[in-house]
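In: got a predicted structure here, sequence first:
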Amino acid sequence: MIFNIIKVIHIVSVISWMAGLLYLPRLFVYHANSKIADETSNTFKVMERRLYWYICTPALYISWITGLFLTYYIGIEVWLILKILLVFALTLFHFVCGRWLAGFTDNRNLHSDKFYRFVNEVPTIILIIVITLVVFKF
């Protein structure tokens, strides 16, 4: 019973985390097209900060904690090692997004909207691979 409860919490937290990782770079695309320190830019700053700190980051930690708990009970398999490596990549992407967020907050964004459009695909590709690994357990 506890295993299934932890699994549900894990799935919900991963969905929340991924929703944030898919949406945050899209906000960066729009923010990169706005003028520095205008009302639109300030609105994006609030949206990005809240998404990152109130949704993405707690979901990241809950995903990791519950995922490690589930790994303890499932045991290590090849597909799971690959999944964990990809989750490390997503975690790195999460913290890089935090750096980009800090740049926007300080009005010192260094990237174009095209850059953010490109990196917006990274979590999607990783998500597809992870889901494939989990479903087929290669």
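Out: Yep, it's here.

In: host element of the spatially closest residue to Y30 that is not a sequence neighbour?
Out: Among residues not flanking Y30 along the chain, F44 sits closest, at 6.5 Å (Cβ to Cβ, 6 or more residues apart in numbering). Bear in mind the C-beta positions are built from the backbone N, C-alpha and C, glycine included. Remark: F44 resides in helix 39-50, with elements defined by DSSP states H and E.

In: now for that helix, which elements pack on it?
Out: Applying 3 or more Cβ pairs under 8 Å, 6 or more residues apart in numbering; DSSP states H and E, we find helix 39-50 packed against helix 2-32, helix 78-105.

In: and the residue nearest the centre of the chain?
Out: Most central residue of the chain, judged by C-alpha distance to the mean C-alpha position with Cα atoms, centre = their mean, is L21 at 3.3 Å.

In: I'd guessed that residue sits against P123; true?
Out: Yes. L21 lies in contact with P123 (Cβ atoms under 8 Å); the separation is 4.3 Å.

In: tell me, what's touching these two both at once?
Out: Residues touching both L21 and P123 comprise 90, 93, with contact defined as Cβ atoms under 8 Å, 6 or more residues apart in numbering.

In: re the thing from before, C-alpha coordinates for the helix holding F44, PDB please?
Out: Taking C-alpha atoms only, helix 39-50 is exported to PDB below (Å, rounded to 0.1, in the frame of the first residue of the first chain):
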ATOM      1  CA  GLU A  39       5.300  46.300 -17.500                       C
ATOM      2  CA  THR A  40       5.300  43.200 -19.700                       C
ATOM      3  CA  SER A  41       8.800  42.300 -18.600                       C
ATOM      4  CA  ASN A  42       7.900  42.800 -15.000                       C
ATOM      5  CA  THR A  43       4.900  40.500 -15.400                       C
ATOM      6  CA  PHE A  44       7.100  37.800 -16.900                       C
ATOM      7  CA  LYS A  45       9.500  38.100 -14.000                       C
ATOM      8  CA  VAL A  46       6.700  37.400 -11.500                       C
ATOM      9  CA  MET A  47       5.400  34.500 -13.600                       C
ATOM     10  CA  GLU A  48       8.800  32.900 -14.100                       C
ATOM     11  CA  ARG A  49       9.800  33.300 -10.400                       C
ATOM     12  CA  ARG A  50       6.600  31.800  -9.100                       C
END
